[in-house]
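# what shape does this take:
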Amino acid sequence: MNYSRDDFKISFRKNDVQFFVNEKKNIVICVIEGELQSPYAWNSYISVGYPTLKGKGIATCDSNDVFDVERGKRIALAVAENDVYSQAKTYLSNVLKELQFFTKKISDFKVKSDRCREHNKDYINSVHDKNHPLYKEVVSKIKHGYTNGKPNWDEDENNE
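Numbering: from 1, shown residues only. Presented below is the predicted three-dimensional model:
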């Protein structure tokens, strides 16, 4: 499998792999850590993070088979890696849910923005077009903002 900058990747810490062997019970347990890495530069746009995931794998030998420690280690390691991949899938599913939430909020805001823009277009017409049904001959003084560096509100209004 090739890794490109556009792929998610799990980096396993092969030097930190731990095996626990119980020859009396014919069991090998493996504990491994993997770091989920997101595509290059994605975190400047979408915060995925680099979680460290700890996987556990257990290999048990059937009573009819001959116990082989090395075979058990290989099986337990593969099961532990699968556990890490499963955790990564769950982690990314949660990230996806958050992205879907934010995508919905962004879409909602786009609709709101369009409504506000249309409202302001109509307001602009009502202020400047004498034929508009809401046109007023006299427009009241604006009470917020600045004109030429000075506030548009009266000083006594601040003391109310």
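# low-scoring pLDDT stretches of this protein, where are they?
Screening the chain residue by residue with the criterion pLDDT under 70, one finds the ranges 1-5, 40-47, 154-160.
# that one: helices as residue ranges?
In the chain, the segments counted as helices under DSSP state H are 69-128, 155-158.
# what number of residues lie near Lys136?
9 (other Cβ atoms under 10 Å). Backbone N, C-alpha and C define where each C-beta goes, glycine included.
# setting aside sequence neighbours, what's the nearest residue to the residue positioned nearest the centre of the chain?
Among the residues of the chain, the one closest to the centroid is Val95, at 4.0 Å (Cα atoms, centre = their mean). With Cβ to Cβ, 6 or more residues apart in numbering as the measure, Val48 is the residue that lies nearest to Val95, at 5.6 Å, once sequence neighbours are left out.
# what do you get for Ile10?
Gly34 (4.3 Å).
# burial of that neighbour, as a residue count?
The number of residues packed around Gly34, counting by other Cβ under 10 Å, is 24.
# before we move on, what about Thr52?
12.
# quick one, what contacts it?
Contacts were defined as Cβ atoms under 8 Å, 6 or more residues apart in numbering; by that measure Thr52 touches 33-35.
# 10 Å - rerun?
Residues in contact with Thr52, defined by Cβ atoms under 10 Å, 6 or more residues apart in numbering, are 11, 13, 33-36, 84.
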